[in-house]
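Asker: Prediction below, plus the sequence it came from.
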Amino acid sequence: MSVFGIGLAYGLATLFVMFSGMPIAFALGAVAVVFMGIYMPSASLDTVTQNVYEEMASITLLSIPLFILKGAAIGKSRAGQDLYSALHAWLHRVPGGLGVANVFACALFAAMAGSSPATCSAIGSAGIPEMRKRGYSGGFAAGIIAAGGTLGILLPPSITMILFAVAAEKSLGRLFLAGIGPGLLLVTLFGVYAVFRFRREYAAAEAVYKNGGPEAAILARDEYTLAERFSVLPRVIPFVLLLTGVMIALYGGYATPSETAGLGGLLALALIAAIYSVWRPSDLAPIMKSTIRESTMLMMIIGMSLLYSYVMSYLHISQSVAESIVAMHLPRWELLFAILVMVVVLGFFLPPVSIILMTAPIILPPLRAANFDIIWFGVVMTIVMEMGLIHPPVGLNIFVIRNVAPDIPLREVIWGTLPFVLLMMLAVLLLCLVPGISTALPDLVMGPDGSR
């Protein structure tokens, strides 16, 4: 059979197994092993475990469970609620300040946790009820949290970016730095939209009230004294210092990414023990169980995805696809557009981890041939994958929101997230027009990257 026929069969088999409902890790592993048995030497089956181990034996991947530990320590404590409460107290005078506070809370929590679902769950459990109580529509409240949660895979430390750095063989520190500018851009866009949407809902409620209708909760104003605003800071400042310390250790060259992750995990455990008295075995058990569960799931997906990519490469499927794309001689921006559309479509069905590990061997060679900055592309691809977390049919954050706020209809949640998808598209366009948004900071801190 030709390489094209094998590749087509490989893709169809993958789709069939995926849609059968089998967990992603086992689906990828099963397809890889079956095609190894059919098209590769029989001795290759004896080396499956060795291949998976060798592919995963990366010191960079060690940072993943350690960052998950840090996120679980923060997410399972009251840190998320305290962070949200403090931001709301300081931003309550801004129109839509509650929505803006949730955006900032998601950004800060995401930077500490590195996980989008964890951010959605931690901030959403406190933020959505408060927004609903103050008259925000269900779709608006759900959209802010769902979109804010996506920042977890863009702002460092990001587990998704760790995997991209491994797949692309690029500097993790440079990639982390490259995500800060676009992350702040998205925070700004989300915050501006929150103010705009609040003004619309406020004006509509005010018009109803002036016409003799009931006074909506959105018309009420919270007031905090200066003493009350300062009183909420002591519980938040340690976690901001934790984030700052981890970033300094990483970018200052004092620790490797894995050492930084370990440092962050230990400091997070120490902080919740000191601030929230979470130190007893019964208190730590949910944190450790969550860490083990998420780490095992992710590492299984990573291992099987790497095996899947290895088989794809051995059968020359990925090389043939890359050669075919290059042979089309698309202009570089049309090439980028085609690749990003493919990522969007994959986002309908797959999580970011699988998308990176499955597509990197295919899309990176033609992008390098087209002279794209791979670090810059990693940031753009991450934003595009963020869209997959909040658009149907398999938007993971949408279902997290449904668990946090089951009273909000799924239809409202989806419509509430769509404006944020458009804002992410705008961010991608701005990054294409002004790539310095992403590349300026790493070039300033670490010097120009001559490898591209």
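Answerer: Now that the structure is in, tell me what you want to look at.

Asker: right, and the helix or strand after the worst-scoring helix or strand of the chain on mean pLDDT?
Answerer: Between all helices and strands in the chain, the lowest mean by mean pLDDT, DSSP states H and E belongs to helix 317-327, at a mean of 71. Following helix 317-327 in sequence order, the next helix or strand is helix 332-347 (DSSP states H and E).

Asker: starting at the chain centroid, how far to that following helix?
Answerer: Centroid displacement of helix 332-347 relative to its chain, using CA atoms, centre = their mean, to the nearest Å, is 19 Å.

Asker: try stretch 101-119
Answerer: The answer for stretch 101-119 is 10 Å, by CA atoms, centre = their mean.

Asker: pLDDT (mean, whole number) over that stretch?
Answerer: Mean pLDDT, stretch 101-119: 76.

Asker: cool, stretch 300-315 as well?
Answerer: Average pLDDT, stretch 300-315: 78.

Asker: Quick one: residues in contact with it.
Answerer: 3, 6-7, 10, 14, 24-26, 28-29, 31-33, 35-36, 39-40, 48, 51-52, 55-56, 61, 64, 163, 318-319, 351, 353-354, 357-358, 360-361 (CB atoms under 8 Å, 6 or more residues apart in numbering). (Each C-beta comes from the backbone N, C-alpha and C, glycine too.)

Asker: Need the buried ones from the residues you listed selected in ChimeraX.
Answerer: Applying 16 or more other CB atoms under 10 Å to these leaves a buried subset, and the ChimeraX line that selects it is:
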select :6,7,10,14,24,25,28,29,31,32,33,35,36,48,51,52,55,61,64,163,318,351,353,354,357,358,360,361
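
Asker: ok, the residue nearest to the spatial centre of the chain - contacts?
Answerer: Centroid check for the chain by CA atoms, centre = their mean gives residue 153 as the closest residue, at 2.3 Å. Taking CB under 8 Å, 6+ apart, we find residue 153 in contact with 114-116, 159-161, 352, 382, 385-386, 389.

Asker: Now render those as CSV, adding neighbour count.
Answerer: CSV is the format used below for the contacts of residue 153 (neighbours: other CB atoms under 10 Å):
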residue, neighbour count
114, 27
115, 27
116, 30
159, 26
160, 24
161, 26
352, 27
382, 24
385, 26
386, 28
389, 26
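
Asker: And those residues, which is closest to residue 286?
Answerer: Residue 286 has its nearest neighbour among the contacts of residue 153 in residue 115, at 15.5 Å by CB to CB.

Asker: follow-up on the earlier one: which of the contacts of residue 153 sits closest to residue 435?
Answerer: Nearest to residue 435, judged by CB to CB, of the contacts of residue 153 is residue 382 at 14.5 Å.

Asker: Show the subsequent helix or strand relative to the helix or strand encompassing the closest one.
Answerer: For residue 382, the host element (DSSP H and E) is helix 374-390. Using DSSP H and E, the next helix or strand after helix 374-390 towards the C-terminus is helix 396-404.

Asker: Pull the residues that contact the helix or strand following that next one.
Answerer: Note on helix 396-404: by DSSP H and E, the next helix or strand toward the C-terminus is helix 410-433. Residues outside helix 410-433 that contact it (CB under 8 Å, 6+ apart): 137-144, 146-147, 150, 182, 185-186, 189-190, 193, 197, 333, 336, 340, 376, 379-380, 383-384, 386-387, 390-392, 395, 397-398, 401-402, 437-438.

Asker: Fine by me, we can end here.
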